[in-house]
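turn this into a model:
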Amino acid sequence: DGDRLPGRRGESSGSDSGPATSVEQVPVVQPPSRADELFTITGDTETWPGGPKARVHANIKALRLSSEIQKAGRPATEDEKRELVKYTSFASAREIFKDREPSWSDLRKQVTAIIGHDAFRDLDQSQLNAMFTGPNMVNAMYGILHAMGFRGGQILEPATGIGHFFGAMPAEVRKRSRMTGIELDRNSFGIAKLLYPPIDLRNEGFEHSLLPKDFFDLVISNVPFGNYPVFDERYGRHITHSIHNYFIVRMLDLAKPGGVVAVITSAHTMDNADYAVRKEFHKRGDLLFGLRLNTESLPGTKVTADVLFFRKRRAGETAGGHAFIETNTVKLRDKKNHQDVDSHINEYFDKHPELVLGKHVAGNNYSATEGTSVVWSEGDPTLLDALVHVPADVLTKGAQPETPADLPLPKGGGLHPAEDGLPVGAY
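Residues are numbered from 1 along each chain as shown. Sure thing, here's the model as predicted:
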């Protein structure tokens, strides 16, 4: 859920056995997050203007407005916040970064005039990880957490973007929580700070954030997707060589024993035949529930992603939850040659097709024959179908993950009608 890049790219010099030193025991000192001062995303809030150029125009307006408000040193009004929240980054309108697209030249000039040439180049490089999580998906994740028994506490969002995980947070959770957000991109951070001024927001890379280990009741994020490394010498190379896997391991380290990590990550995290990093997840916590999204679920991405819910294990506690370390080899039809090929699917999703929002096919955005994707068609499970399988009160009563919840969505939450411009199946 944010404009996300590592602070520095490069392999870790740490050992392969896990953290070289304990994560910093630095207390988070802040007053309770004042819920009445936080912008609230509702079903009437526009967060995804239709069409790439419409989104760029909305981005330009939001960037210009953010700059003006910050220079004036004043808070944003409610009307201004409704314009700021339309900022979507430029990942779904990458034509703006291509000089050979003359029809976009005026828009390029406008953006450059606001943020400067250097910042525009940085913005181009950051777009790999600049997709924000739609409010419907955020609502669904909080609905799942509610069904599991989560009601509030210390909450961390380590890839904040402009803060949709704060804006769409249920009111009852806001009132009982203190929130911390990390965001590297300065444009997204500036807008988030105007939308959610009471929250402890930090403009820095996650690997550089001084945060207390075993502290947060909930760590929730749409982590950066990418097969590139992040530098953090506390962790071994098998953890740091892929930024999305690094985020999940560190999120588990920062969660308190008994706390929850809720994360959207690339399906490659679970399907990679090399299970070393999943063993690191399992050392720290139990998989309570997961959803596999289809290629239309996250607007503007065309990637297959997983929504995973882990519970941090307490000291001496026996491992539980679902099996997820291994992958199964299955035959899938590839997109290019229309032939059946061997593909790897995580054992959890292979066992639970009802939690896959579509059907697996071989191939992905980068290769027509390698990896896997999930494609939705009429009759396949939808998000609402999958939510009936959420385990009830597993966080509060020690229920087994197989126990379904009767009411998967919180009171006042739920899914809103899709905004114009979103494909079928998008959330």
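
check contacts around the nearest residue to L357 once chain neighbours are set aside.
Distances taken as CB to CB, 6 or more residues apart in numbering put N294 closest to L357, at 4.7 Å, once the chain neighbours are dropped. Bear in mind the C-beta positions are built from the backbone N, C-alpha and C, glycine included. Applying CB atoms under 8 Å, 6 or more residues apart in numbering to N294 gives the contacts T304, L357, G358, S373, V374, V375, W376, D380, G425.

strands along this structure, start to end?
Taking DSSP state E, the strands of the chain run over residues 154-157, 178-182, 200-202, 216-222, 255-266, 285-292, 305-312, 327-333, 340-346, 359-362, 372-375.

okay, those strands in JSON lines with distance to S105, mean pLDDT and mean neighbour count next?
Converted to JSON lines, those look like this (distance: least, CB to CB, whole Å; pLDDT from 0 to 100; neighbours: other CB atoms under 10 Å):
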{"stretch": "strand 154-157", "distance to S105": "36", "mean pLDDT": "98", "mean neighbour count": "26"}
{"stretch": "strand 178-182", "distance to S105": "35", "mean pLDDT": "97", "mean neighbour count": "24"}
{"stretch": "strand 200-202", "distance to S105": "34", "mean pLDDT": "97", "mean neighbour count": "19"}
{"stretch": "strand 216-222", "distance to S105": "32", "mean pLDDT": "97", "mean neighbour count": "27"}
{"stretch": "strand 255-266", "distance to S105": "33", "mean pLDDT": "97", "mean neighbour count": "23"}
{"stretch": "strand 285-292", "distance to S105": "40", "mean pLDDT": "97", "mean neighbour count": "24"}
{"stretch": "strand 305-312", "distance to S105": "33", "mean pLDDT": "97", "mean neighbour count": "25"}
{"stretch": "strand 327-333", "distance to S105": "42", "mean pLDDT": "93", "mean neighbour count": "15"}
{"stretch": "strand 340-346", "distance to S105": "43", "mean pLDDT": "93", "mean neighbour count": "18"}
{"stretch": "strand 359-362", "distance to S105": "38", "mean pLDDT": "93", "mean neighbour count": "20"}
{"stretch": "strand 372-375", "distance to S105": "34", "mean pLDDT": "92", "mean neighbour count": "20"}
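
hey, C-alpha coordinates of the lowest-mean-pLDDT helix or strand in the chain in CSV?
Every helix and strand of the chain was ranked by mean pLDDT, DSSP states H and E. The lowest is helix 117-126, at a mean of 74. The C-alpha trace of helix 117-126 is given here as CSV (Å, rounded to 0.1, in the frame of the first residue of the first chain):
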residue,chain,number,x,y,z
HIS,A,117,13.6,16.9,-12.1
ASP,A,118,15.5,14.8,-9.5
ALA,A,119,12.3,13.9,-7.6
PHE,A,120,10.6,13.0,-10.9
ARG,A,121,13.5,10.5,-11.7
ASP,A,122,13.1,9.1,-8.2
LEU,A,123,9.4,8.8,-8.8
ASP,A,124,10.0,6.8,-12.0
GLN,A,125,12.2,4.4,-10.2
SER,A,126,9.7,3.9,-7.3
